[in-house]
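Visitor: using only what follows, build the 3D model:
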Amino acid sequence: MATQHFSPALRVPAASPAYPMAKPGYGKRSAPDQRPRTRDDFALLPTRERYVAGFVDHLPEGAAMSVKTLAKQLPLYGQQAISTSLNALSVAGHLRRVRCPVVGAGDETRWVFRTFWSRTARDNEWWNTYLATEQATRTAAPVPASSARDMAPPPPWAPAEEEPPLPLEPERPDPEQTPEPTAVPHQRTPDRAPDAEPAPPATGAEPHSAGTSPTYLALARLGRDDHRLALSADDCTTLEPLAAKWLTRGVSVDYLTNALTAGLPATVDSPVGLLRRRLNDKIPPRLPTAGSPSPGAPTPAGHLLVECTDCGRPGPPQALPDGLCRPCRTAHSGAAEHSPRPADIADVKAHMNNLRDLLKPV
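Guide: Numbers count the residues shown, from 1 in each chain. Got it, this is the predicted structure:
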């Protein structure tokens, strides 16, 4: 008789925790036109930089790229080592940190921080050209939460949306049964008096009735402020269209009043003639509104600012070659040039040992 062996079921392997994602508008973004991923992508980099670069290259879009977050996920190195590795990757042409202004609700401008990553090493000219294009600006701009939610497919466990029921057709009356007309008593229209005029048709409310427009009131106040410019009601009505042209050109009522009252002669024989002449001769030029730019003005675009990978100082791409500002680049290159060689360290130790031997008492 065969013996039956009972063995426990195999345990399901524990799923690794998901990498923390950045807030919408932040995190990692991949540069275009990269070579396919191979095992020798970062073979020319040192061991530590190759380890960090391989990890960053496999991160999803929008992943958090801060030094603290990377140090938590990479147990072999601390924050200082990760920061130094990111500086080296920036110099090698794999990484650029940028910030982009985004106008939100209520015309509120906020800065969106992104880290562009390229598996293929790029030179400064390529990065400057790419960051100056509209594609990079559009890539750095965040996707609205509503549009991203609408574009995302529904999860498989979500129930399918039921089709709305078709509207019921209204009941059609039987053509054979003709409804009887309802008897309406005859209403007598009252006779209109021969002198009564027909009421004018109702029209929309006018913005300013006669005598209440800002230009009419401004002209009427001239005589009260200065008796030399006293105008009658007919004079104000005659000059009102000329003064209204000033307001359509973007000037205020105070500007109009100051222009009409400045430099008056000692005696004014005809106030209406003087004001008519000034309204025609001193009319201001027509300026474009704030919303419509002038034809020759360049169209403003959402430009990108590159951040120094080491200290975070912003600037245009041309001012930060290798993704580093001048002080950080000088310190980075100086540390590499003046780092002591192992042979020099051994010579210094031998020299110090020789000096200690000479100082020993005989």
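
Visitor: and the longest helix for the protein?
Guide: In terms of residue count, the longest helix belonging to the chain (DSSP state H) is helix 342-359.

Visitor: would you put the C-alpha positions of it in CSV?
Guide: Output of helix 342-359 as CSV, limited to C-alpha atoms (Å, rounded to 0.1, in the frame of the first residue of the first chain):
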residue,chain,number,x,y,z
PRO,A,342,48.2,55.8,-3.6
ALA,A,343,52.0,56.1,-4.3
ASP,A,344,52.0,59.6,-2.9
ILE,A,345,50.2,58.5,0.2
ALA,A,346,52.8,55.7,0.7
ASP,A,347,55.7,58.1,0.3
VAL,A,348,54.2,60.5,2.9
LYS,A,349,53.8,57.7,5.4
ALA,A,350,57.3,56.5,4.8
HIS,A,351,58.6,60.1,5.3
MET,A,352,56.7,60.5,8.6
ASN,A,353,58.0,57.2,9.9
ASN,A,354,61.5,58.3,9.1
LEU,A,355,61.0,61.6,11.0
ARG,A,356,59.7,59.7,14.0
ASP,A,357,62.8,57.5,13.9
LEU,A,358,65.0,60.5,13.9
LEU,A,359,63.2,62.0,16.9
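
Visitor: tell me the mean pLDDT over that helix?
Guide: For helix 342-359, mean pLDDT rounds to 83.

Visitor: for the remainder of this discussion, apply numbering that starts at 342.
Guide: With the count now opening at 342, the last piece we talked about shows up as helix 683-700.

Visitor: which residues of this protein score low on pLDDT?
Guide: 342-358, 366, 445-448, 475-552, 628-644, 674-683 (pLDDT under 70).

Visitor: cutoff 50 now
Guide: By pLDDT under 50, the low-scoring segments of the chain are 350-351, 353, 485-505, 514, 516, 525-526, 528, 530-531, 534-549, 631-642.

Visitor: now do the helices in it.
Guide: Using DSSP H, helices in the chain cover 388-398, 408-414, 420-433, 465-472, 475-481, 486-492, 555-566, 574-589, 594-602, 612-622, 667-678, 683-700.

Visitor: so which elements touch the fourth one?
Guide: It refers to helix 465-472. strand 436-444 (3 or more Cβ pairs under 8 Å, 6 or more residues apart in numbering; DSSP states H and E). For the C-beta atoms, the positions are set from N, CA and C on the backbone; glycine is no exception.

Visitor: and what of the third one?
Guide: In terms of contacts (3+ Cβ pairs under 8 Å, 6+ apart), helix 420-433 is packed against helix 388-398, helix 408-414, strand 436-444, helix 667-678.

Visitor: so who does Asp398 touch?
Guide: Residues near Asp398 by Cβ atoms under 8 Å, 6 or more residues apart in numbering: Arg378, Asp382, Phe383, Trp458, Arg460.

Visitor: from Ala433, how far off is the last one?
Guide: In other words, Arg460. Arg460 is 11 Å from Ala433, where distance means Cβ to Cβ, to the nearest Å.

Visitor: likewise for the first one?
Guide: Using Cβ to Cβ, we find Arg378 at a distance of 17 Å from Ala433.

Visitor: quick one, which of the two is more surrounded?
Guide: Neighbour count, other Cβ atoms under 10 Å: between Arg378 and Ala433, Ala433 has more, with 17 against 10.

Visitor: pretty sure Cys666 sits against Arg654.
Guide: Yes: at 4.7 Å, Cys666 counts as touching Arg654 under the criterion of Cβ atoms under 8 Å.

Visitor: neighbour count for those two, which is higher?
Guide: Between Cys666 and Arg654, counted using other Cβ under 10 Å, the more crowded position is Cys666 (22 against 16).

Visitor: now that one, nearest residue through space, not along the chain?
Guide: With Cβ to Cβ, 6 or more residues apart in numbering as the criterion, Cys666 has its nearest non-adjacent residue at 4.2 Å, and that residue is Cys649.

Visitor: who's in contact with that neighbour?
Guide: Arg438, Pro655, Gly656, Leu661, Gly664, Leu665, Cys666, Cys669.

Visitor: and it, how far from Arg389?
Guide: Distance from Cys649 to Arg389, by Cβ to Cβ: 21 Å.

Visitor: again, but for Ala561
Guide: Here the criterion is Cβ to Cβ. By it, Ala561 lies 82 Å from Arg389.

Visitor: also Arg697?
Guide: Arg697 is 36 Å from Arg389, by Cβ to Cβ.

Visitor: more crowded one of the two?
Guide: Neighbour tally, Arg697 and Arg389, criterion other Cβ under 10 Å: the higher count belongs to Arg389, 16 against 9.

Visitor: so how far is Ala571 from the spatially closest residue to the more buried one that is not a sequence neighbour?
Guide: Leaving aside its sequence neighbours, Arg389 sits nearest to Ser426 (Cβ to Cβ, 6+ apart; 5.5 Å). With distances taken as Cβ to Cβ, Ser426 is found 83 Å from Ala571.

Visitor: what of Ala372?
Guide: 74 Å.

Visitor: which of the two has more residues huddled nearby?
Guide: Ala372 (20 against 14).

Visitor: that one reaches Thr474, doesn't it?
Guide: No: judged on Cβ under 8 Å, Ala372 makes no contact with Thr474 at a distance of 11.4 Å.

Visitor: what's stretch 560-568 in contact with?
Guide: By Cβ under 8 Å, 6+ apart, stretch 560-568 touches 570-572, 576-577, 580-581, 584, 598, 601-602, 605, 612, 616.

Visitor: if we use 6 Å, what do you get?
Guide: Contacts to stretch 560-568, defined as Cβ atoms under 6 Å, 6 or more residues apart in numbering, come from residues Leu570, Ala571, Leu572, Cys577, Leu580.

Visitor: list the buried residues in it.
Guide: Leu560, Ala561, Leu563, Gly564 (16 or more other Cβ atoms under 10 Å).
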